[in-house]
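K.L.:
my questions are about this predicted structure, shown below with the sequence.
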Amino acid sequence: MTTETSSAPAFRYAAVTFDCADPAEMARFYGELLGMSVLYSSDDFFLLGKEGATGLGFNRLTDYRPPTWPDPAQEKQAHIELGVDDLDIAEKRLLELGAGKPEFQPGEDRWRVLLDPAGHPFCITTLV
């Protein structure tokens, strides 16, 4: 009788990828924001990362349509939450980098919703 031993493969959370019209612009924005470098790039895809950290990818989608949050016409599919020490200082820096700020702010004293260059909503929030 032969006993076969198998082990489950090890999985690691490596990256999340966002669709966009301009992956180079998205890589510039998030790379500068999060201190990540380009690990891989092509005409249609950029991957950011740094040693020991989860990466961010940006994939060119030919017919990309940005989310229209808070209008549900083109829902957001996902968003990133970024912890910051000071909302006002962080918001100012993000706007300088090219983020947008929608009028509707559901929790302005605790968190702010901003839009990356491709229109994806993301939040900055104070750490408790």
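P.N.:
Cool, got the structure.
K.L.:
I figured residue 60 hits residue 43, correct?
P.N.:
Yes: the pair residue 60 and residue 43 passes the contact test of Cβ atoms under 8 Å, sitting 7.3 Å apart. No exception for glycine: its C-beta is placed from N, CA and C like everyone else's.
K.L.:
looking at these two, which is more packed in?
P.N.:
residue 60 (17 against 8; other Cβ atoms under 10 Å).
K.L.:
give me the pLDDT for that one.
P.N.:
Looking at residue 60, its pLDDT stands at 96.
K.L.:
what residues are up against the nearest residue to it once chain neighbours are set aside?
P.N.:
Nearest non-adjacent residue to residue 60, counting by Cβ to Cβ, 6 or more residues apart in numbering: residue 44, 4.0 Å away. Shown in contact with residue 44 (Cβ atoms under 8 Å, 6 or more residues apart in numbering): 23, 59-60.
K.L.:
what of residue 95?
P.N.:
Contacts of residue 95 (Cβ under 8 Å, 6+ apart): 101, 114.
K.L.:
so which of the contacts of residue 44 belong to helices?
P.N.:
Per DSSP state H, helices hold the following members of the contacts of residue 44: residue 23.
K.L.:
quick one: which of the contacts of residue 44 is nearest residue 30?
P.N.:
Proximity of the contacts of residue 44 to residue 30 was ranked by Cβ to Cβ; the top entry is residue 23 with 10.5 Å.
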